[in-house]
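Colleague: sequence unavailable; structure follows:
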């Protein structure tokens with residue numbers, strides 16, 4: 001059953017909520033982020049960072065390095081601002097519209113925000129909230145957000161956090177790229193508010209900066225408090241000016257800080273140094289840690305292409321040289337240890353090895369083969385002998401064609417190279433052959449697909465032909481005649 005709170009009761013809960021989250025507002029998250037650190041030329045360091053606010057002169061900034069419990073103040077440094085803006089990834093989540101005026105207002109807001117991001121060569125992603133569908137437009141441009149934009153119309157969403165968590169799934173953290181998520185909502189209550197802690201944890205893990213433009217509701221304040229984000233009340237006009245000022249601060253150019261470390265450390269030894277960069281007016285509050293070690297120093301040297309490629313070529317040449325040297329050493333060792341044997345010793349050693357493996361000597365095997373060759377008798381070839389042979393082909397109409405076998409090997413098949421060409425799709429290119437051996441005509445099947453039939457039986461092995469034998473190849477029949 002839905003609960004209905006009276007105005008005094010709602011005011012009481014809002015007061016309690018404000019008291020609970022008041023400590024979060026007095027300890028805001030640092031608005032400065034480290035973009036890059038170059039320590040390859042240690043003790044000279046170059047730090048690139050981003051700050052949403054304009055930083056004052058060099059004399060209003062303090063740079064302190066700390067190692068263990070000892071601190072050193074950097075007396076000389078150089079701070080400059082880059083010319084190109086900071087490139088960001090901007091994700092805008094809008095609710096669906098209920099009328100034409102809402103649609104126009106949403107598109108104007110989106111076009112203005114995306115245009116600010118485009119000026120910094122950033123990337124914009126548009127998400128339309130829905131409980132049943134997922135609408136996402138990647139790399140959207142301000143020129144596309146006109147009256148012809150296919151803005152989907154959906155019912156009012158009751159569980160927006162589920163769609164927002166799904167929106168974050170493909171988003172990955174990228175070094176040097178800030179991700180800004182702006183959530184716009186008109187709902188007075190989020191029914192899936194139980195997911196707020198998990199959603200805020202995902203935002204912190206992926207280091208996504210959260211901006212919320214919505215009514216003053218408990219769910220929005222709770223999400224902003226957990227995720228260290230910024231809240232803008234949608235009904236106040238000054239909220240939009242602050243929102244655009246916040247976005248312009250994120251696309252402002254980065255700063256480069258160059259200084260010399262006061263420590264006299266060797267970059268080959270392991271040391272961990274904490275750095276704190278702050279301004280007197282507290283517009284800058286940056287803290288980071290860099291490490292010196294043998295592995296990091298070698299990695300920095302090898303990242304230089306003028307060092308990396310010569311080292312790789314030298315190592316490859318060294319490996320090939322070692323392989324050739326070891327191969328020559330093994331060959332010389334083998335030749336030096338190999339004894340010189342006389343022919344009789346070689347034969348005796350070979351016989352011993354053969355006896356051990358096969359149980360008989362080479363001489364015995366040779367004698368057995370000679371005896372077998374002398375005593376072997378040739379197997380007689382069956383069949384009658386003929387001086388000449390003919391193949392008589394008959395077709396379905398009763399016509400006959402006489403083909404004389406004039407070569408020692410007479411081929412039959414579909415190919416034009418055969419002695420007897422059979423134009424039948426069931427016949428292979430080289431289907432069969434008749435070979436004359438000592439006056440006898442032997443029929444062979446040349447591994448055909450359909451087979452060869454002799455006197456109604458399939459030919460399984462070569463057979464001698466007799467006069468009046470019937471041969472069938474495919475659909476064609478032959479009669480053998482011998483004289």
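Modeller: It's in. Remember, predicted model here, so these are calculated numbers, not experimental data.

Colleague: work out for me the element residue 166 sits within.
Modeller: Per DSSP states H and E: residue 166 is located in helix 160-168.

Colleague: tell me which helix or strand comes right after that helix.
Modeller: The helix or strand immediately downstream of helix 160-168 is strand 178-184, counting by DSSP H and E.

Colleague: same for that following strand, what does it pack against?
Modeller: Under the contact criterion of 3 or more CB pairs under 8 Å, 6 or more residues apart in numbering; DSSP states H and E, strand 178-184 touches strand 88-94, helix 100-119, helix 160-168, strand 208-214, helix 237-250. In this view, the C-beta of every residue, glycine as well, is placed from N, C-alpha and C.

Colleague: now the first one against strand 178-184, angle please.
Modeller: Counting by axes from the mean of the first three to the mean of the last three CA atoms, to 10 degrees, strand 88-94 lies at 10 degrees to strand 178-184.

Colleague: okay, the angle between strand 88-94 and helix 237-250?
Modeller: 150 degrees.

Colleague: any regions of the stretch 1-150 of the chain where pLDDT drops low?
Modeller: 1-31, 56-59 (pLDDT under 70).

Colleague: swap in 90 and give it another go.
Modeller: Judged against pLDDT under 90, the low-scoring parts of the stretch 1-150 of the chain cover residues 1-43, 49-62, 67-70, 73-87, 98-100, 119-122, 146-148.

Colleague: show me where it has its helices.
Modeller: Using DSSP state H, counting those that start in this stretch, the helices of the stretch 1-150 of the chain run over residues 7-26, 100-119.

Colleague: for the stretch 251-400 of the chain, same thing?
Modeller: Under DSSP H, counting those that start in this stretch, the stretch 251-400 of the chain gives helices at 294-302, 305-337, 343-358, 362-375.

Colleague: list the contacts of the shortest one.
Modeller: By that I understand helix 294-302. Contacts of helix 294-302 with the rest of the structure, by CB atoms under 8 Å, 6 or more residues apart in numbering, involve 39-40, 267-270, 307-308, 311.

Colleague: so which other helices or strands are in contact with the helix holding residue 166?
Modeller: If you count contacts as 3+ CB pairs under 8 Å, 6+ apart, helix 160-168 packs onto strand 88-94, strand 178-184, helix 196-205.

Colleague: 7 Å - rerun?
Modeller: strand 88-94, helix 196-205 (3 or more CB pairs under 7 Å, 6 or more residues apart in numbering; DSSP states H and E).

Colleague: which of these sits most buried?
Modeller: Of all these, strand 88-94 carries the top mean neighbour count, a mean of 22, counting by mean count of other CB atoms under 10 Å.

Colleague: which other residues reach that one?
Modeller: 106, 110, 113, 117, 120, 122-129, 164, 167, 177-184, 250-251 (CB atoms under 7 Å, 6 or more residues apart in numbering).

Colleague: quick revisit: worst mean pLDDT among the helices of the stretch 251-400 of the chain?
Modeller: Comparing mean pLDDT across the helices of the stretch 251-400 of the chain, the lowest value falls on helix 343-358: a mean of 56.

Colleague: picking that back up, buried subset of the contacts of strand 88-94 as a PyMOL selection?
Modeller: Only the buried entries of those go into this PyMOL selection, using 16 or more other CB atoms under 10 Å:
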select buried, resi 106+110+113+117+120+122+123+124+125+126+127+128+129+164+167+178+179+180+181+182+183+184+250+251
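
Colleague: can you tell me which of the contacts of helix 294-302 has the most neighbours?
Modeller: residue 39 (19 neighbours; other CB atoms under 10 Å).

Colleague: from memory that one sits against residue 290, does it?
Modeller: Yes. Residue 39 is within contact range of residue 290, at 5.5 Å (criterion: CB atoms under 7 Å).

Colleague: for the record, mean pLDDT for stretch 387-401?
Modeller: Taken as a whole, stretch 387-401 has an average pLDDT of 80.

Colleague: pull out the buried positions in that stretch.
Modeller: Within stretch 387-401, judged by 16+ other CB under 10 Å, the buried ones are 389-391, 393.

Colleague: for those residues, which one is nearest residue 55?
Modeller: Relative to residue 55, the closest of these is residue 393; by CB to CB it sits at 104.6 Å.

Colleague: surely the closest one is in contact with residue 476?
Modeller: Yes. If you go by CB under 7 Å, residue 393 and residue 476 touch, sitting 6.3 Å apart.

Colleague: wait, residue 138 sits on residue 125?
Modeller: Yes. Here residue 138 reaches residue 125: they are 5.4 Å apart, a contact under CB under 7 Å.

Colleague: what about residue 411, distance to residue 463?
Modeller: Separation of residue 411 from residue 463 (CB to CB, to the nearest Å): 17 Å.

Colleague: over to residue 112?
Modeller: 96 Å.

Colleague: what's the nearest residue to residue 43 if we skip its chain neighbours?
Modeller: residue 261 (4.1 Å; CB to CB, 6 or more residues apart in numbering).

Colleague: what of residue 466?
Modeller: Nearest to residue 466 is residue 384, by CB to CB, 6+ apart, at 6.1 Å.

Colleague: residue 145 too?
Modeller: residue 111 is the one closest to residue 145 (CB to CB, 6+ apart), at 4.2 Å.

Colleague: and for the one you found, the neighbour number?
Modeller: Using other CB under 10 Å, residue 111 has 18 neighbouring residues.

Colleague: now swap in the one 4 residues further on and tell me
Modeller: Burial of residue 115, expressed as a neighbour count using other CB under 10 Å, amounts to 14.

Colleague: in this structure it contacts residue 144, no?
Modeller: No. Taking contacts as CB under 7 Å, residue 115 lies outside contact range of residue 144: 11.2 Å.

Colleague: still on that earlier bit, so residue 112 and residue 463 - more neighbours on which side?
Modeller: Higher neighbour count among residue 112 and residue 463: residue 463, with 19 against 15, using other CB under 10 Å.

Colleague: got the phi and psi for that one?
Modeller: phi -140, psi 150 (degrees, to the nearest 10).

Colleague: how close does it get to residue 392?
Modeller: With CB to CB as the criterion, residue 463 and residue 392 are 19 Å apart.

Colleague: and if you look at residue 404?
Modeller: Distance from residue 404 to residue 392, by CB to CB: 10 Å.

Colleague: what does residue 148 give?
Modeller: 85 Å.

Colleague: okay, now residue 275: neighbour count?
Modeller: 21.

Colleague: so it touches residue 288, yeah?
Modeller: Yes. Counting by CB under 7 Å, residue 275 touches residue 288, with 5.5 Å between them.

Colleague: need the contact list for the nearest residue to residue 240 once chain neighbours are set aside.
Modeller: Excluding the flanking residues, the one nearest residue 240 by CB to CB, 6+ apart is residue 232, at 7.5 Å. Neighbouring residues of residue 232 by CB under 7 Å, 6+ apart: 211-213, 239, 242-243.
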